[in-house]
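Asker: quick check, what structure comes out for this input:
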Amino acid sequence: MSDTSSKLFSSQGVTESTRFIHTPGEFALNNLLYVQEAGTLKSLRPHKSTREGLESILFMIIKSGEGFVRVLDKEYSVKAGDCILINCANHYEHESSESNPWELSWVHFFGKSAVSFYDLFHKENGGLNVFTPSETEGYVKMIENLMALCNDKSNMSEIYANETLTEMLTEILSDVDSLSNKNSDIDVSLVRTYINDNYASGSVIDDIYTKIGADKKVIEEAFKDSYGITPSEYLKFRRLNVAKEMLRFTIESETDIARECGFEEYNEFIKLLV
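Answerer: Residues are numbered from 1 along each chain as shown. This next block holds a predicted model:
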C-alpha cells in the first residue's frame, strides 16, 4: 500500500491505538470489498484530523466518550453508541472531546461496490453520515474479525473479509431502515402543537421528549424530516413570532416581552429581532 493510503487514520502522539494495515491482492482489488486499515484507538488529547480525496470508505463506532465529526458542510456531535460512515473522497474532520475523550473501533475499506453501498446508505439515512443502532457490539466484533484477517494474505482470508464487510454493510442498511421506520411512528404534529402551546416554558423541549416517550435523537430526526428544522429551532421561531406580535400590538417593554416569550437572554432576543 502506498505511503498516502497507509496514513488514512494517523494517530501518532495523540492516541493509544491498535492498527492493522492490509495490502489487498489482485483478486480482491478486482472483485471484492477489501480492508485497507482496521483498528481501535483511545484519544489521549484533543486533536483534529482532516482528510479528503481518498479512495476509501470509513466506518467508525464510538465505544465510549464523545467528540465531533464534520463531513462537507454537516457537523455532528457524536457520543458512545453512535456510528459513522464516510466516503473519504469528501472532505471530513473528526476530533475527540477534551473533557470526555472517545474510544473508537474503525475500519477503512474499499472495492468496486463500496461507493454504491455508501451512496445507498447516505440516501436511506436522509443524507446524514451518523446513525445510532440499538447496539454496537456486533459491529465491534466484525471489526475485530477484520483486524485478525489483516494478518493473512491468502485469497481465502480476503474472501472471508469480503463476507464480513458485506455483512457489516447489510447490517448498517438494516439498522438505518429500522430507525427510519421508528421515526415514522413519531407523531411530529404533537411536538409542534406542544411547542406552540408551551413556548414560554424554559423546559418545553425536555418536557416534550418525556411526553412523547421516545429517544431525543429519534424525535429530532422525525421532526426535521417533516419540517426541515429541529424542535429547538422551531421553538426559537415560535417565540420570536409571538414576540413580534406583542411588539406591534402591546405597549410592554422589550425586556418584559423577551421574558414572557421564554428568552432567557435579552441580548439573544435583540439579535434575533435585527
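Asker: how far out from the middle of the chain is whatever helix or strand D225 lives in?
Answerer: Element membership for D225 (DSSP states H and E) is helix 216-227. When distances are taken as CA atoms, centre = their mean, to the nearest Å, helix 216-227 is centred 14 Å away from the chain's centroid.
Asker: identify the residues contacting that helix?
Answerer: By CB atoms under 8 Å, 6 or more residues apart in numbering, the residues outside helix 216-227 that reach it are 126, 132, 179, 182-184, 186, 188, 191-192, 208-209, 212, 229-231, 234. C-beta coordinates here come from the backbone N, C-alpha and C atoms, glycine included.
Asker: which among those residues end up buried?
Answerer: Neighbour counting by 16 or more other CB atoms under 10 Å classes 132, 179, 183, 186, 188, 191-192, 208-209, 212, 231, 234 among those as buried.
Asker: phi first, then psi, for the closest residue in space to H22 that isn't next to it in sequence.
Answerer: Nearest residue to H22, sequence neighbours excluded (CB to CB, 6 or more residues apart in numbering): C150, at 4.2 Å. For C150, the backbone dihedrals (degrees, to the nearest 10) come out as phi -60, psi -20.
Asker: any idea how far V140 is from F68?
Answerer: When distances are taken as CB to CB, to the nearest Å, F68 and V140 turn out to be 21 Å apart.
Asker: ok, now G39?
Answerer: Counting by CB to CB, the gap from G39 to V140 is 12 Å.
Asker: okay, and the common contacts of these two?
Answerer: S105.
Asker: who's more crowded, these two?
Answerer: Taking other CB atoms under 10 Å, G39 and V140 do not tie; G39 has more neighbours (21 against 14).
Asker: other residues contacting stretch 126-136?
Answerer: Here stretch 126-136 has contacts from 61, 63, 69, 71, 74, 76, 78, 81-86, 122, 125, 139, 172, 175-176, 178-180, 215, 217, 221, 225, using CB under 8 Å, 6+ apart.
Asker: residues contacting the residue nearest to N87 when sequence neighbours are not counted?
Answerer: Closest residue in space to N87, ignoring its immediate chain neighbours: Y118 at 4.9 Å, by CB to CB, 6+ apart. Y118 is in contact with 57, 85, 87, counting by CB under 8 Å, 6+ apart.
Asker: tell me which of these fall in strands.
Answerer: Per DSSP state E, strands hold the following members of the contacts of Y118: 57, 85, 87.
Asker: who wins for most neighbours among the residues you listed?
Answerer: Counting by other CB under 10 Å, I57 has the largest number of neighbours within the ones in strands among the contacts of Y118, with 24 neighbours.
Asker: who's that residue bridged to?
Answerer: N87, F109 (DSSP bridges).
Asker: distance of it relative to S113?
Answerer: Between I57 and S113 the computed distance is 10 Å (CB to CB).
Asker: now the buried members of the contacts of stretch 126-136.
Answerer: Buried residues within these, counting neighbours by 16+ other CB under 10 Å: 61, 63, 69, 71, 78, 82-86, 122, 125, 139, 172, 175-176, 179-180, 217, 221.
Asker: show me which strand runs longest in this protein.
Answerer: From DSSP E, the single longest strand across the chain is strand 34-43.
Asker: the next helix or strand after that one - contacts with which helices or strands?
Answerer: Where DSSP H and E defines the elements, the next helix or strand beyond strand 34-43 is strand 49-51. Strand 49-51 is packed against strand 92-96, with contacts defined by 3 or more CB pairs under 8 Å, 6 or more residues apart in numbering; DSSP states H and E.
Asker: show me where the stretch 1-150 of the chain has its strands.
Answerer: 15-21, 34-43, 49-51, 57-64, 66-71, 74-79, 83-87, 92-96, 103-110, 130-131 (DSSP state E, counting those that start in this stretch).
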